[in-house]
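Engineer: Got a sequence here, can you model it:
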Amino acid sequence: MTKPMNKIEKLIAELCPRGVEFKELKDIANSITTGKLNANAQVEDGAYPFFTCDANPFKINTYAFDVEAIIVSGNGSQVGHINYYHGKFNAYQRTYVISGFKSLNVKYILHYLRGYLREYIIGNSRKGSVPYITMPMLEEFLIPIPPIAIQQEIVKILDTFIELEAELEAELEAELEARKKQYEHYRNQLLMFEAEGGVRWTTLNRIAKIKHGRDWKNLKAGNIPVYGTGGIMGYVDTFTFNKPTVLIPRKGSITNIFYVDEPFWNVDTIFYTELDMEQIIPRFFYYFMKTVDLAKLDTGSGRPSLTRAILDKIAVPVPRMKEQERIVTVLDKFDALVNNISVGLPAELNARRKQYEYYRDKLLTFEEYAKQ
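Structural biologist: Sure thing, here's the model as predicted:
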């Protein structure tokens, strides 16, 4: 990275040794406007992108813009989120469309806005209110405008970081998907037993008691995790159960099974299992339950639901303890491989993002030109 930085430093020394001029956004763009449509104008399979205040565009069958534009979410949880698009598109009435940049590299403006606009919005919104953009706020946003040759060099470097990050993300996600498929293959192979001969089969109610959860809202805060169908919801000072167990959702995300080997509290939307550990290893039971298609056991007419009576009838293989231990050992290794990649993926991407931000801040920091 030293060479490109030196090149830009030489260009700055040559082309703008006394600093660069800072201009308001309204002075560098011919058009700053908003869309005209309501958010519900979207259609499922539209021909054009429809930009709203969500991070990603929806679809629509009409277009109001056919330009190279920077599109900014004007309010909501994604306020200040920025998209770039060149072509035909439409926009929501609280989404800002900036176009017609005057003798500028649009990608240079894009990098600058993505780096610093959101912080500016939050700092200039009324204290205590939900941040939102006003037209004057956007028009008056200041941007350093170095000569076009410097803009192009900066874009070349920063775009390279973005491309490398995208490539890395694709590679890591492909690796994660391959590991998941490999893990599922071995899990299904190891847990595939003949209905007759070779292994004992029984019903779930003979190796486990299914127990309901309870409300947790009146409990005191602590360090005991509270589980619902989506995972940990909070922490309290007491527990429902303190032995290894498998949690099985009762309502909602009924395929979301958890293995827990520490004290916990569970709410009413998820069961816990009191396992007969003389017959079955909890971790083995967890892996087996991951192979059961619980969606087919859904009894809900609206929200997915499972009942204790239906779960009790699930046929469960009970091989000898040594075989259970062997299967658990193998699957734990695959599970660790998948989890390592799952944890490492965001960490690696965050490291790349930090690297990009470091160079972005160095490249986009200029001394302001002092007029004589």
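Engineer: which SS class is residue 365?
Structural biologist: coil (DSSP: H, G, I helix; E, B strand; the rest coil).
Engineer: and it, what does it touch?
Structural biologist: For residue 365, the contact set (Cβ atoms under 8 Å, 6 or more residues apart in numbering) is empty. Backbone N, C-alpha and C define where each C-beta goes, glycine included.
Engineer: can we see that at 10 Å?
Structural biologist: Residue 365 makes contact with residue 144, according to Cβ atoms under 10 Å, 6 or more residues apart in numbering.
Engineer: Who are the packing partners of the helix or strand where residue 356 lies?
Structural biologist: Using DSSP states H and E, residue 356 sits in helix 321-363. If you count contacts as 3 or more Cβ pairs under 10 Å, 6 or more residues apart in numbering; DSSP states H and E, helix 321-363 packs onto helix 2-15, helix 106-124, helix 148-190, helix 282-289, strand 315-318.
Engineer: Tell me which of those is the most buried.
Structural biologist: Among the helices and strands packed on helix 321-363, the stretch with the highest mean neighbour count (mean count of other Cβ atoms under 10 Å) is helix 282-289, at a mean of 23.
Engineer: Just the angle for that helix relative to helix 148-190, thanks.
Structural biologist: On the basis of axes from the mean of the first three to the mean of the last three Cα atoms, to 10 degrees, helix 282-289 is oriented at 100 degrees to helix 148-190.
Engineer: thought residue 132 was touching residue 121?
Structural biologist: Yes. If you go by Cβ atoms under 10 Å, residue 132 and residue 121 touch, sitting 7.8 Å apart.
Engineer: can you list residues touching both of these two?
Structural biologist: Both residue 132 and residue 121 are in contact with 73-75, 79-80, where contact means Cβ under 10 Å, 6+ apart.
Engineer: So which of those are in strands?
Structural biologist: residue 73 (DSSP state E).
Engineer: Most widely separated two among the shared contacts of residue 132 and residue 121?
Structural biologist: Using Cβ to Cβ, the pair of those lying farthest apart is 75 and 80, separated by 9.5 Å.
Engineer: shared neighbours of these two, anything?
Structural biologist: Common neighbours of residue 75 and residue 80, using Cβ under 10 Å, 6+ apart, are 53, 121, 131-133.
Engineer: between the shared contacts of residue 132 and residue 121, which is closest to residue 174?
Structural biologist: Nearest to residue 174 out of the shared contacts of residue 132 and residue 121 is residue 73 (Cβ to Cβ; 30.1 Å).
Engineer: I'd like the distance from the closest one to residue 356, if you could.
Structural biologist: 21 Å (Cβ to Cβ, to the nearest Å).
Engineer: of the two, who's got more company?
Structural biologist: A count of neighbours by other Cβ atoms under 10 Å puts residue 73 above the other of residue 73 and residue 356, at 25 against 19.
Engineer: Now do that one against residue 339, distance only.
Structural biologist: Residue 73 sits 34 Å away from residue 339, going by Cβ to Cβ.
Engineer: Quick check: residue 55 vs residue 72, distance?
Structural biologist: Distance of residue 55 to residue 72, computed by Cβ to Cβ: 12 Å.
Engineer: ugh, wrong one, I meant residue 240
Structural biologist: For residue 240 relative to residue 72 (Cβ to Cβ), the value is 47 Å.
Engineer: quick one, which of the two is more surrounded?
Structural biologist: residue 72 (27 against 20).
Engineer: Within the helices and strands, which one has the residue nearest to that one when sequence neighbours are not counted?
Structural biologist: Excluding the flanking residues, the one nearest residue 72 by Cβ to Cβ, 6 or more residues apart in numbering is residue 96, at 4.3 Å. Here residue 96, judged by DSSP H and E, is contained in strand 95-101.
Engineer: returning to that earlier point: residues contacting the residue nearest to residue 72?
Structural biologist: Residue 96 sits next to 25, 32-35, 51, 69-74, 82, 133, 135, 138-139 when contact means Cβ under 10 Å, 6+ apart.
Engineer: Kindly recompute the last result at 7 Å.
Structural biologist: Residue 96 sits next to 32, 34, 72, 74, 133, 138 when contact means Cβ atoms under 7 Å, 6 or more residues apart in numbering.
Engineer: On the three-state scheme, residue 253 is what?
Structural biologist: When the rule is three-state DSSP, residue 253 gets the label coil.
Engineer: Of the shared contacts of residue 132 and residue 121, which is the most crowded?
Structural biologist: Counting by other Cβ under 10 Å, top hit in the shared contacts of residue 132 and residue 121: residue 74 with 27 neighbours.
Engineer: pretty sure it is touching residue 135, no?
Structural biologist: No. Counting by Cβ atoms under 7 Å, residue 135 is not a contact partner of residue 74; they are 9.3 Å apart.
Engineer: out of the shared contacts of residue 75 and residue 80, which one sits closest to residue 175?
Structural biologist: The nearest member of these to residue 175, counting by Cβ to Cβ, is residue 53 at 33.8 Å.
Engineer: Could you look up the SS state of the closest one?
Structural biologist: Assignment for residue 53 (three-state DSSP): coil.
Engineer: contacting residues around it?
Structural biologist: 73-76, 78, 92, 94-95.
Engineer: Tell me the buried residues in the strand holding residue 96?
Structural biologist: Neighbour-count burial for strand 95-101 flags 95-99, 101 (criterion: 16 or more other Cβ atoms under 10 Å).
Engineer: now stretch 360-370
Structural biologist: Buried, per 16+ other Cβ under 10 Å, within stretch 360-370: 360, 363-364, 366, 369.
Engineer: so can I have TSV of the residues you listed showing pLDDT and distance to residue 105?
Structural biologist: Shown next, in TSV, are these (pLDDT from 0 to 100; distance: Cβ to Cβ, whole Å):
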residue	pLDDT	distance to residue 105
360	92	15
363	92	13
364	93	13
366	90	15
369	80	19
